[in-house]
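Asker: Have a look at this prediction, sequence included:
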Amino acid sequence: MTIKIKHRITITTPPPPLRIRWAIFFALAFFALAVRLPQLGERPMHTDESVNAYLTGGLLAGGYFHYDSQDRHGPVLFALAEPLVKLLGARKFSELTETQLRLTPVLVGSATVLLFGAGVEMFGFTACLVAALLFAFAPLPVYYSRYFIHETLFVAATLGLILSGGRLLGWWGSSRCDEPTGRSATSSTYLNAAIAGGCAALMLAGKETAVIHFFALAVALLAGKLIWKTPTTGMPVAKIIFTALAVFIFTTVLLFTWFGRNWSVFTDLLHAIPRFTARAGGEGHQKPFGYYFHLLDPLLILFLVAAAGVYAALCDAVGGGRKTGVLLVIYALMVFVVYSAIPYKTPWLALNLWLPLALICGLGAAFFGKLVKHPAARWGAGLAGGLLLATLAAQTKTFVFNRPADEKNPYAYAHTTDDLLGLPGRLVELTQQDKISNPRIAVVAADAWPLPWYLRKFSAASYWQPGQETGDADFFITTTDVSATLAARLKNFRPEFFGARPNVLLILWSPPPP
């Protein structure tokens, strides 16, 4: 290990032996899995989760994924979830459970922790270890890796693209010179090109926001090319690009056509461009530029460590070490600026910022570790790090397990309330009381979600827009703005109130006693 502090700082430390390294990251991945599994089915289903669950139920019924440019995302979540829920015994929508569905992001989130082990040569062992710890049990990644939405899968694919792309480019001037040469190097290069193309396709098949990350990575690579001489791999560049592009196109087409069953999807994808341009304007989800800073307020100390990581990355690059830290900083800055500039903001989008932030914090921790030499100071730094991790663990316990659907939870955005969980049970109780074997339930609401999930076991449930003439029903479920016509029909029904989500109240109307 050498540390030189003048105008340049060079920091190089060899990683531990390969077996020890992977043993550590496997242990962290299993720890992440253990953190994510408890109480997996207890939190109410968010509206977005219930929509994704409904689409998964359609696949179980023998249908295929149909891309909807209006208000949906890509097919990769369902391509992973469908075989998993089948393996767990679900054969139709009504048999699905919260635990079965949420197990997909749980497994992917745990695998992401393991994936950091592949980035040691790019970012250093300490940086990847710290990033893996931050993903293993910090509240933001744990909360949303227990959410049946696309974000966790998207972030895992993004990390895969960064790592495989870094390998493809030869670490961008890393001071390490342990890459293989000859035929094995050629095979490794083409393999990394294929992995990069596959990861990029998974990103696009996860969320359309992949284009933001492609742009940010392109800016980082262009900056690196302008600042430093591009590393020479001795490989035919055209063949490498062709390999990555071929895998990208093949995987994208395979997923979006749902394995060749829906070729009209490409027209829908073209329609998605103006649709998501309009949606970026907010559509009720407008937030100020600094929203993500505010969201991460409880983790503010991490920004101080990240600042040290930025300094360390610059010093390492200037001192002749790895250039990847600087490229990561450029990518993180571009992603942060674009996501913050777009008016449409939701808290789970912050997971895309958490990935580079965690790695930059890791660079900062490694930098502090190299500067602190005195044993007492090392003990102090270790204690400070332990207190930070303990703070994160306490926040995870509070936000993920104790108050997962609380309005004051910064990650519970427009979340379904616990009160709604009592609605299906109350319907069962009333149907048994009135001896109705197959109750007809009419839901009248402009936005009925997540009721299709909670009423999935009632085969005669129907859904109507306000103002429509509804059919006969044994029970009605409405919002508070009931039309005059429907109000007249319900004048003898008994109302019961259930909170759906903040500021949204539902009324269950049951027939009068005979």
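Answerer: It's in.

Asker: show me the contacts for Thr417.
Answerer: Residues counted as contacts of Thr417 (CB atoms under 8 Å, 6 or more residues apart in numbering) are 44, 405, 499-502. C-betas here are computed from N, CA, C, even on glycine.

Asker: what about Arg426, neighbour count?
Answerer: 14 (other CB atoms under 10 Å).

Asker: chain center to stretch 478-493: distance?
Answerer: 40 Å (CA atoms, centre = their mean, to the nearest Å).

Asker: Run the chain-centre distance for stretch 457-468.
Answerer: For stretch 457-468, the distance to the chain centre is 32 Å (CA atoms, centre = their mean).

Asker: Next, the buried residues of stretch 55-63.
Answerer: 55-60 (16 or more other CB atoms under 10 Å).

Asker: Now tell me what touches it from outside.
Answerer: 65, 72, 78, 81-82, 85-86, 90-94, 96, 101, 456.

Asker: quick one, helices of the stretch 351-500 of the chain?
Answerer: 351-371, 375-396, 422-434, 451-454, 484-489 (DSSP state H, counting those that start in this stretch).

Asker: For those helices, give me CSV that also has distance to His415 and mean pLDDT.
Answerer: Listed next are these as CSV, based on distance: least, CB to CB, whole Å; pLDDT from 0 to 100:
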stretch, distance to His415, mean pLDDT
helix 351-371, 16, 85
helix 375-396, 17, 75
helix 422-434, 16, 91
helix 451-454, 14, 95
helix 484-489, 28, 85
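
Asker: Dump the C-alpha coordinates for stretch 495-514 into PDB.
Answerer: Extracted in PDB, the C-alpha atoms of stretch 495-514 (Å, rounded to 0.1, in the frame of the first residue of the first chain):
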ATOM      1  CA  PRO A 495     -72.700   2.200   4.900                       C
ATOM      2  CA  GLU A 496     -69.300   1.300   6.500                       C
ATOM      3  CA  PHE A 497     -66.200   3.400   5.900                       C
ATOM      4  CA  PHE A 498     -62.700   2.100   5.100                       C
ATOM      5  CA  GLY A 499     -59.600   4.200   4.400                       C
ATOM      6  CA  ALA A 500     -58.000   3.300   1.100                       C
ATOM      7  CA  ARG A 501     -55.000   5.600   1.200                       C
ATOM      8  CA  PRO A 502     -54.300   9.100   2.500                       C
ATOM      9  CA  ASN A 503     -57.400  11.400   1.800                       C
ATOM     10  CA  VAL A 504     -59.200   8.600   0.000                       C
ATOM     11  CA  LEU A 505     -62.200   7.000   1.700                       C
ATOM     12  CA  LEU A 506     -64.300   4.000   0.500                       C
ATOM     13  CA  ILE A 507     -67.800   3.100   1.600                       C
ATOM     14  CA  LEU A 508     -69.000  -0.500   1.700                       C
ATOM     15  CA  TRP A 509     -72.800  -0.500   1.200                       C
ATOM     16  CA  SER A 510     -74.500  -3.700   2.500                       C
ATOM     17  CA  PRO A 511     -78.100  -4.600   2.000                       C
ATOM     18  CA  PRO A 512     -80.600  -3.800   4.800                       C
ATOM     19  CA  PRO A 513     -81.600  -6.600   7.100                       C
ATOM     20  CA  PRO A 514     -84.600  -8.600   5.900                       C
END
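
Asker: Show me what that stretch is in contact with.
Answerer: 47, 407, 414-417, 419-420, 422-423, 426-427, 430, 434, 445, 450-451, 474-480, 482, 490, 492-494.

Asker: Buried by neighbour count, from those: which ones?
Answerer: 47, 415-417, 419-420, 423, 427, 430, 445, 450-451, 474-479, 482, 490.

Asker: what about stretch 446-455, start to end distance?
Answerer: 17 Å (CA to CA, to the nearest Å).

Asker: residues making contact with that stretch?
Answerer: 44-47, 49-51, 53-54, 416, 420-421, 423-424, 427, 441, 443, 445, 461, 463, 465-466, 477, 479, 500, 506.

Asker: Where does the prediction get shaky in the stretch 401-514 of the chain?
Answerer: 514 (pLDDT under 70).

Asker: what about 80?
Answerer: By pLDDT under 80, the low-scoring segments of the stretch 401-514 of the chain are 513-514.

Asker: residue ranges for the strands of this structure, please.
Answerer: With DSSP state E, the ranges of strands along the chain come out as 441-444, 461-464, 475-479, 494-501, 504-510.

Asker: The fourth one to strand 475-479, inter-axis angle?
Answerer: With axes from the mean of the first three to the mean of the last three CA atoms, to 10 degrees defining the directions, strand 494-501 sits at 50 degrees from strand 475-479.

Asker: So which bits of strand 494-501 are buried?
Answerer: 498-501.

Asker: The last one now?
Answerer: When neighbours are counted by 16+ other CB under 10 Å, the buried residues of strand 504-510 are found to be 504, 506-510.

Asker: So what angle separates the directions of that strand and helix 422-434?
Answerer: 10 degrees.

Asker: Present the contacts of Thr417 as CSV; the columns should include distance to Thr126.
Answerer: Putting the contacts of Thr417 into CSV (distance: CB to CB, whole Å) gives the following:
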residue, distance to Thr126
Pro44, 39
Ala405, 36
Gly499, 47
Ala500, 46
Arg501, 42
Pro502, 42
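
Asker: hey, which of the helices of the stretch 351-500 of the chain is tucked in deepest?
Answerer: Comparing the helices of the stretch 351-500 of the chain by mean neighbour count (mean count of other CB atoms under 10 Å), helix 351-371 comes out on top with a mean of 24.

Asker: what sits against the residue nearest to Gln468 when sequence neighbours are not counted?
Answerer: The spatial neighbour of Gln468 that comes closest, neighbours along the chain excluded (CB to CB, 6 or more residues apart in numbering), is Val444 at 7.5 Å. By CB under 8 Å, 6+ apart, Val444 lies in contact with 464-466, 468, 470, 476-479, 482, 486.

Asker: residues in contact with Gln286?
Answerer: 343-345.

Asker: So which of the strands of the chain is nearest Ser110?
Answerer: strand 494-501 (28.9 Å; CB to CB).

Asker: now that closest one, how far from the chain's geometric center?
Answerer: On CA atoms, centre = their mean, the centre of strand 494-501 falls 32 Å from that of its chain.

Asker: Give me the sheet partners of it and which way each runs.
Answerer: When pairing is defined by DSSP bridges, strand 494-501 lines up against strand 504-510 (antiparallel).

Asker: how distant is the partner strand from the center of its chain?
Answerer: 33 Å.

Asker: pretty sure Trp258 is touching Glu82, no?
Answerer: No: using CB atoms under 8 Å, Trp258 is not in contact with Glu82; the gap is 10.4 Å.

Asker: count of residues packed around the closest residue in space to Asn52 that isn't next to it in sequence?
Answerer: Spatially, and ignoring its direct neighbours in sequence, Asn52 is nearest to Phe148 (5.3 Å; CB to CB, 6+ apart). Residues lying near Phe148 (other CB under 10 Å) number 25.
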